[in-house]
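>>> sequence isn't available, so here's the structure alone:
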């Protein structure tokens, strides 16, 4: 499964938002991660449309998580950015060519479609099992307890 770069950016932003005391402007998030502000704004809009973040206008405006980090899964973010479509789409290739299987005989998915569907379901289950809070804990474990204090300080 290949995901867009926007997924990585969105996940990083969601983790950063767990440390924020107030809404964070998109430009500030882009600067923190040294990424394109215009592309990040589109990613944040996708998160907003999915109800994972909300934006507020004005001097104190920016983005904030809409619910606790424990309630937002990695799969929620992936789906918001890249959409809900499965990784594999069967085109019924078995019904083509000189030895094509008649459509009437193709009443169940073929072995390849079944294997790919099972893999997609396992991938989604794995992403559903990890929350933004889990990622934030892992960041703290990886980089130390001062990490989020430093982020809060830089954002402020």
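Received the coordinates, thanks. Bear in mind that the values here come from a model prediction, so they are computed numbers and not experimental data.
>>> hey, where'd the helices end up in this protein?
5-19, 26-33, 37-49, 74-82, 111-128, 132-143, 147-155 (DSSP state H).
>>> could I get the buried residue list for the first one?
Of the residues in helix 5-19, those buried by neighbour count under the rule 16 or more other Cβ atoms under 10 Å are 6-7, 9-19. Bear in mind the C-beta positions are built from the backbone N, C-alpha and C, glycine included.
>>> out of the helices of the chain, which is closest to residue 98?
Closest to residue 98 of the helices of the chain, according to Cβ to Cβ: helix 111-128, at 19.2 Å.
>>> who are the packing partners of that closest one?
Secondary-structure packing of helix 111-128 (3 or more Cβ pairs under 8 Å, 6 or more residues apart in numbering; DSSP states H and E): helix 74-82.
>>> didn't residue 148 look like it was pressed against residue 19?
Yes - with contact defined as Cβ atoms under 8 Å, residue 148 reaches residue 19; the gap is 4.0 Å.
>>> where do the contact lists of the two overlap?
Common neighbours of residue 148 and residue 19, using Cβ atoms under 8 Å, 6 or more residues apart in numbering, are residue 136.
>>> low-confidence ranges, this structure, go.
Applying pLDDT under 70 to the chain flags residues 1.
>>> related to what we said a few turns ago, any chance of the helices of the chain in TSV, plus distance to residue 100?
Output for those, formatted as TSV (distance: least, Cβ to Cβ, whole Å):
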stretch	distance to residue 100
helix 5-19	38
helix 26-33	50
helix 37-49	40
helix 74-82	33
helix 111-128	16
helix 132-143	47
helix 147-155	58
